[in-house]
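> Give me coordinates for this.
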Amino acid sequence: MSQGPLMPKATAVWLVENTSLSFDQIADFCKLHPLEVKGIADGEVAAGIKGLDPVSTGQLTREEIERAQNNPNHRMKVAVSKVKLPEVKRSKGPRYTPLSRRQDRPNAILWLLRNHPELKDAQVMRLVGTTKSTIQQIRERTHWNSGSLQPMDPVTLGLCSQIDLDFEVQRAAKDRPLVESAEGGATLMPPELSVLPEPEEHRDADHRPGRGDERLDADSVFARLKPMRKGEQDEDDDEY
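Numbers count the residues shown, from 1 in each chain. Sure, this is the predicted structure:
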């Protein structure tokens with residue numbers, strides 16, 4: 001499917017007024033419905049729209065129009081421009097923020113500093129379109145409006161998209177080096193290690209003599225209780 005002209009209705013108005021092309025040919029070129037082109041010819045559609053000459057704008061040639069007028073089955077195509085326009089590259093700088101939302105940037109910066117401290121200043125600048133000095137002032141609580149700032153999600157404020165925020169967070173987490181826990185406390189054993197059988201040396205150590213936590217059997221327990229019971233009986237006999 002070929003691309004239509006830049007201003008299809010204005011181009012259709014000009015073709016209806018200045019050529020003998022059929023409604024189907026004009027509709028196919030302008031990517032409109034034939035009934036819509038018929039409405040333009042009848043004055044019911046596109047009233048007040050000034051016709052646009054597709055020849056002067058380089059979208060169509062005179063030869064192509066004449067060929068289509070001589071052959072009702074011919075379908076016109078938009079002429080390929082011979083002038084190549086350079087691509088407009090986006091400059092690498094802070095994201096542009098509309099004036100109506102610039103007052104919310106300090107709140108968004110505070111939210112990012114609290115919830116994602118791993119983000120670098122350059123990443124925060126890209127997300128909300130701010131400066132490094134503003135980020136530093138909010139971090140050090142030297143901003144002129146520090147007492148009234150409230151942390152607010154920049155996505156909710158419309159300062160950046162959720163995709164951009166997730167991308168920067170993942171990028172910061174990837175660049176952050178792995179560090180051991182500062183607390184040094186006990187951690188959970190991995191599940192693959194918790195199901196391993198107990199080493200033989202540990203099982204043998206439990207049965208070694210002389211251990212403070214040696215296991216006691218029933219005979220040894222009752223052997224220790226016999227002197228205690230004998231002492232109790234002697235006390236009873238003395239009472240009588």
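> Start and end of stretch 133-149, how far apart?
Stretch 133-149 has an end-to-end distance of 17 Å (C-alpha to C-alpha, to the nearest Å).
> Can you list the neighbours in contact with it?
Contact partners of stretch 133-149, identified using C-beta atoms under 8 Å, 6 or more residues apart in numbering, comprise 105-107, 109-110, 113, 121, 124-125. (Each C-beta comes from the backbone N, C-alpha and C, glycine too.)
> can you give me the helices in the chain?
8-18, 23-30, 34-42, 62-70, 105-115, 121-128, 132-139, 154-157, 162-175, 191-194, 200-206, 218-239 (DSSP state H).
> Just the C-alphas of the third one, formatted as CSV.
When you say that, I think you mean helix 34-42. Extracted in CSV, the C-alpha atoms of helix 34-42 (Å, rounded to 0.1, in the frame of the first residue of the first chain):
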residue,chain,number,x,y,z
PRO,A,34,-14.8,7.2,-3.1
LEU,A,35,-18.1,8.4,-1.5
GLU,A,36,-16.0,11.0,0.5
VAL,A,37,-14.5,12.2,-2.8
LYS,A,38,-18.0,12.4,-4.3
GLY,A,39,-19.1,14.4,-1.3
ILE,A,40,-16.2,16.8,-1.9
ALA,A,41,-17.3,17.2,-5.6
ASP,A,42,-20.9,17.9,-4.4
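> Give the buried residues for that helix.
Neighbour counts using 16 or more other C-beta atoms under 10 Å place 36-37, 39-40 of helix 34-42 among the buried residues.
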